[in-house]
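>>> Fold the following and give me the result.
(4 chains)
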Protein chains: 2
Amino acid sequence: MSTRRDPEATRAAILEAAEEAFLQKGVADASTSLIARRAGVTKSLIHHHFGSKEKLWQEVKRRRFEQYAAGQQQMLDTSEADEGLLRRSMKLYFQFLQQNPEMIRLMAWMYLEADTECGDIDSQLLHSGVDKIRQSQEQGIFRQDVDPRYMLMVFLMLSQQWFQSRAHLCRDLGIDQDDATIDRDFFEVMEKIFFEGVLPR
Amino acid sequence: MSTRRDPEATRAAILEAAEEAFLQKGVADASTSLIARRAGVTKSLIHHHFGSKEKLWQEVKRRRFEQYAAGQQQMLDTSEADEGLLRRSMKLYFQFLQQNPEMIRLMAWMYLEADTECGDIDSQLLHSGVDKIRQSQEQGIFRQDVDPRYMLMVFLMLSQQWFQSRAHLCRDLGIDQDDATIDRDFFEVMEKIFFEGVLPR
DNA sequence: TTGTTAACTGGCCGACCGGTCAATTCTAGA
DNA sequence: TCTAGAATTGACCGGTCGGCCAGTTAACAA
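Reported below is the predicted structural model:
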């Protein structure tokens, strides 16, 4: 049996194991030994390929953020600026977080670490979203007395925070978490309130 | 100089140093040695008074949550159930988080650790809020086609997430973070959208 | 075929971790 | 005043951490 080498596969294995360990246990609590073991390589290889534990963490974040931004940008580029766009974007963003819970954990870690990296990656993304909203405002589709930037934030924050505090809030409020419909239920409420508000029309 | 003893003060000093260290660096990354040093005591005293690092963390959380719940409950008890109540509650909750940024970090850590403690403390709090909203719905003040539990969540989540992602979003969107008015600006938007929605009336 | 370089290994290092323990000092109640 | 027990100390434990290094092996270009 020949032990062939594949540095790219090694890098990938390390990155995958690192992402899982970092997001699950946190950077401080995830040891390089564990990551190496899960990746099926020696600890030294981590330092060989990435330099240090910290640089490995940076790379994990960068990669995740990049693929996130790519998907979101594509969604934005293939849409017109109308009320339906914001409704669809809302749903897509919500579904994205639903299917990528690691992204929620990643953003929570970045907040706690006061991480300022990866910002420029989604800066363009945000500006695209703001432009779409501003266009809708100019067409009279949305009310014009609110800053489009904050308007965008509201809908991003609602989705994100739902997946972050869903477990706590549902347990404390006696909502069955195993019920697969709670995500859909909440989204409907969120959509209603965002577009129409809580006051009767 | 007599070296008088004050176990209560010692406990308090340890708790204060622990809270700062835990919330700043995370439980895994904050060492008992550091906490002891900052509290001006020996490491052994931490174990003497609290048993273990984990129990100390539990105590830090319990204390913070208790004083948080006490303040919020008092606010709820001294209010009538009308639109003004929800507006005031919203503002008070927002201001509370604004003045207690540690609470945001605490909740973020608890999410990442999948912490299920301290839930019963604010469970009653949440149910009080839901009841108030339900009363308002029955009086026709609020629309009745949305679950009051989710309605409450929306406004809680908006406040919380604002303080969590404020730094990132404002930087990426080119909003001056040093400007002390951004909190007020965002609150106005959030209030507008929550009560009236984004569609023109 | 050979030589250079990158991939990879295992062992080792000093530092620090959470926790224990015996010994000492203070304090409150009998 | 005496004494039991709590408060406090510093030395110490086994274990793990991130990182380093000398040596070995595979890949590849000349």
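
>>> From DNA strand C, how far off is the most centrally placed residue in chain A?
Nearest to the geometric centre of chain A sits A:Met103, at 3.5 Å (CA atoms, centre = their mean). Distance of A:Met103 to DNA strand C, computed by CB to the nearest atom of the strand, to the nearest Å: 28 Å. The way it works is simple: take the backbone N, C-alpha and C, and place the C-beta from them, glycine included.

>>> now check the helix or strand containing that residue, is it near chain B?
In the assignment (DSSP states H and E), A:Met103 maps to helix A:101-112. Yes - using CB under 8 Å from any CB of the partner chain, helix A:101-112 comes into contact with chain B via A:Arg105, A:Met107, A:Ala108, A:Trp109, A:Met110, A:Tyr111, A:Leu112.

>>> shouldn't A:Ala21 be in contact with A:Ala30?
Yes - using CB atoms under 8 Å, A:Ala21 makes contact with A:Ala30 at a distance of 3.8 Å.

>>> The helix or strand following the helix holding A:Met103 - contacts with which helices or strands?
Scanning forward in sequence from helix A:101-112 by DSSP H and E, the next helix or strand is helix A:119-138. Helix A:119-138 makes packing contacts with helix A:53-77, helix A:83-99, helix A:148-173, helix B:148-173 when contacts are defined by 3 or more CB pairs under 8 Å, 6 or more residues apart in numbering or on different chains; DSSP states H and E.

>>> Of all those, which one comes closest to B:Phe50?
helix A:148-173 (24.8 Å; CB to CB).

>>> elements contacting that closest one?
So helix A:148-173, by 3+ CB pairs under 8 Å, 6+ apart, packs with helix A:83-99, helix A:101-112, helix A:119-138, helix A:182-196, helix B:101-112, helix B:119-138, helix B:148-173, helix B:182-196.

>>> Of these, which is nearest B:Arg62?
Of all the helices and strands packed on helix A:148-173, helix B:119-138 sits nearest to B:Arg62, with 8.0 Å by CB to CB.

>>> which parts of that closest one are buried?
The neighbour-count check on helix B:119-138 (16 or more other CB atoms under 10 Å in any protein chain shown) flags B:119, B:121-123, B:125-126, B:128-130, B:132-137 as buried.

>>> neighbouring contacts of that helix?
The contact list for helix B:119-138 (CB atoms under 8 Å, 6 or more residues apart in numbering or on different chains) reads A:168-169, A:171-173, B:62, B:65-66, B:68-69, B:72-73, B:76-77, B:79, B:81-83, B:85-86, B:89, B:142-144, B:148-149, B:151-152.

>>> Give me the neighbour count for A:Ser106.
One correction, residue A:106 is Leu, not Ser. 21 (other CB atoms under 10 Å in any protein chain shown).

>>> who wins for most neighbours among the residues of helix A:101-112 next to chain B?
Ranking the residues of helix A:101-112 next to chain B using other CB under 10 Å puts A:Met107 first, with 23 neighbours.
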